[in-house]
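**Q** turn this into a structure:
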Amino acid sequence: MLCPEVWNFSPPACNFKFKRGNFNELKTQCIDLIDLHHFNYLVSVVLPDTINVPEVITDALNEDCDYYRVEDIHVSELVNKDFIEIFVKRGHLIILSDGTNIDTDDCVALIPSGHLVLSLNRQTYQELGLEGKPSFFSRSKPNRYVVQVDLKEQYFTPGKKYYNRVQHCLKENLQLKLNLLVAWDPPEEKICPSSVAAYFSSRGHKVLLCQPRFSRQVSYNVKVPEFFLGDNGDDDDALELIEWLGAFSIGADLDSGAPDNFVNTYQCPLETNDVGAAAHLQWTGYFTYSQIHRLFDRLRQYVLQRTSIPWISLYVQGFADSPVSWGLKEHQFYTNGDNNYVLFLHPTGNYLACSYISPNKRPKSKTKK
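**A** Numbers count the residues shown, from 1 in each chain. Below is the predicted model:
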């Protein structure tokens, strides 16, 4: 027996959702896709037929995108009255536990709407003493629970019964200290985003300044797939375009059809257009949705000026171990922790938006009899 079949896994389900429209409209699906995706780790932009990328695009996520890592902080610090009034209720604040696994550890997230999300193991949840609900992904045999607290509610103020109970349970019952990633967009330009770091530092916590990492690469002799971005586009063709985009972004060999290419068997099923050069930009860090929105607006203006460009893509990848994906939608990690989206923009104003969420299903084996 040369290759015994120890496991026989079915391929994971793919949860793709497609939206099409015109990005010149005031309210579009692609805007919602950006604004509700709070925890953004990696951003990638591909510009076909482009060698020199304007600084207004490359600097979009290089300037004013610092974030902070607050070490060994007790969760009860997040319900402090001054913290809520200064940072939660003003501007846009995102906080995410760092170095925790959503499937095995206790995780914390705070989103701009003011919702504090605790994703807890059963033992931690029972010790906490606050009302929650079983995780959507462990309903039959609950071993994980989710607790949500709206810090912006009017009744969540010191002296109120509910506030006092939450503060007591977090401070006295929950001995949970975590490392947190923190980013804050102030409500006014005259206010410095580093104010949130100064606040935690004044409370005696160790705060580390973190900055995004940026890379740029230009590839030559690139054949870009042609794709129709109108309302009647085909979803299967869209998946082929996304597959090509992924292969190009990681530097895969796309020289299909070469007679001596025995390693690469990939062939793009779509019609291609030789655009000469293509630029690939990539940022990694901890980005707020408003920072992604800023990049999107600059790409939208740029593509309208480049009438000959086939399309421009904007890919955004979320944190695999975030307790939520879009809005307050619960997230989990089984086969993977994907919560990503990609936007294709066309000079006509048309766009294609595709979001992808991990299947969140436990792998099952099939035993042959």
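
**Q** ok so residue 119 is a strand residue?
**A** Yes: membership of residue 119 in a strand is supported by DSSP: H, G, I helix; E, B strand; the rest coil.

**Q** which residues are in contact with residue 146?
**A** The contact partners of residue 146, taken as CB atoms under 8 Å, 6 or more residues apart in numbering, are 117-120, 132-135, 323, 330. Yep, even glycine has a C-beta here, placed from its N, CA and C like the rest.

**Q** sorry, wrong one. I was asking about residue 72.
**A** Listed by CB under 8 Å, 6+ apart, the contact partners of residue 72 are 177-179, 205-206.

**Q** now, of the residues you listed, which are buried?
**A** The neighbour-count test (16 or more other CB atoms under 10 Å) marks 178-179, 205 as buried among the contacts of residue 72.

**Q** can I get those residues in TSV including secondary structure, distance to residue 343 and pLDDT?
**A** Compiled in TSV, the buried ones among the contacts of residue 72 are given as follows (DSSP: H, G, I helix; E, B strand; the rest coil; distance: CB to CB, whole Å; pLDDT from 0 to 100):
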residue	secondary structure	distance to residue 343	pLDDT
178	strand	33	95
179	strand	32	97
205	coil	37	96
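
**Q** quick one: low-confidence parts of the stretch 101-250 of the chain?
**A** By pLDDT under 70, the low-scoring segments of the stretch 101-250 of the chain are 139, 228-233.

**Q** can you list the domains in this structure?
**A** Under automatic domain parsing, the residue ranges defining each domain of the chain are 15-64+213-357, 67-210.

**Q** that older thread, could you dump the contacts of residue 146 to JSON lines with neighbour count and distance to residue 63?
**A** Written out in JSON lines, the entries for the contacts of residue 146 read as follows (neighbours: other CB atoms under 10 Å; distance: CB to CB, whole Å):
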{"residue": "117", "neighbour count": "21", "distance to residue 63": "30"}
{"residue": "118", "neighbour count": "25", "distance to residue 63": "34"}
{"residue": "119", "neighbour count": "29", "distance to residue 63": "33"}
{"residue": "120", "neighbour count": "24", "distance to residue 63": "37"}
{"residue": "132", "neighbour count": "16", "distance to residue 63": "40"}
{"residue": "133", "neighbour count": "13", "distance to residue 63": "41"}
{"residue": "134", "neighbour count": "16", "distance to residue 63": "43"}
{"residue": "135", "neighbour count": "20", "distance to residue 63": "39"}
{"residue": "323", "neighbour count": "26", "distance to residue 63": "29"}
{"residue": "330", "neighbour count": "18", "distance to residue 63": "34"}
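
**Q** what's the closest of these to residue 53?
**A** residue 323 (35.0 Å; CB to CB).

**Q** what's the closest non-adjacent residue to the closest one?
**A** If you skip the residues right next to it in sequence, residue 323 has residue 119 as its closest partner in space, 4.1 Å away by CB to CB, 6 or more residues apart in numbering.

**Q** now do the contacts for that neighbour.
**A** Counting by CB under 8 Å, 6+ apart, residue 119 touches 102, 106-109, 135, 144-146, 323, 330.

**Q** repeat that with 10 Å
**A** Under the criterion of CB atoms under 10 Å, 6 or more residues apart in numbering, the contact partners of residue 119 comprise 97, 100, 102-103, 105-109, 125, 132, 135, 144-148, 321-324, 330-332.

**Q** JSON lines for the contacts of residue 146, including distance to residue 312?
**A** Written out in JSON lines, the entries for the contacts of residue 146 read as follows (distance: CB to CB, whole Å):
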{"residue": "117", "distance to residue 312": "33"}
{"residue": "118", "distance to residue 312": "39"}
{"residue": "119", "distance to residue 312": "36"}
{"residue": "120", "distance to residue 312": "41"}
{"residue": "132", "distance to residue 312": "43"}
{"residue": "133", "distance to residue 312": "41"}
{"residue": "134", "distance to residue 312": "43"}
{"residue": "135", "distance to residue 312": "38"}
{"residue": "323", "distance to residue 312": "32"}
{"residue": "330", "distance to residue 312": "32"}
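
**Q** among these, which one sits closest to residue 73?
**A** residue 118 (14.1 Å).

**Q** that closest one is in contact with residue 102, isn't it?
**A** No: the pair residue 118 / residue 102 is not scored as a contact, 11.9 Å apart, by CB atoms under 10 Å.

**Q** check for me that residue 182 belongs to a strand.
**A** Yes: membership of residue 182 in a strand is supported by three-state DSSP.
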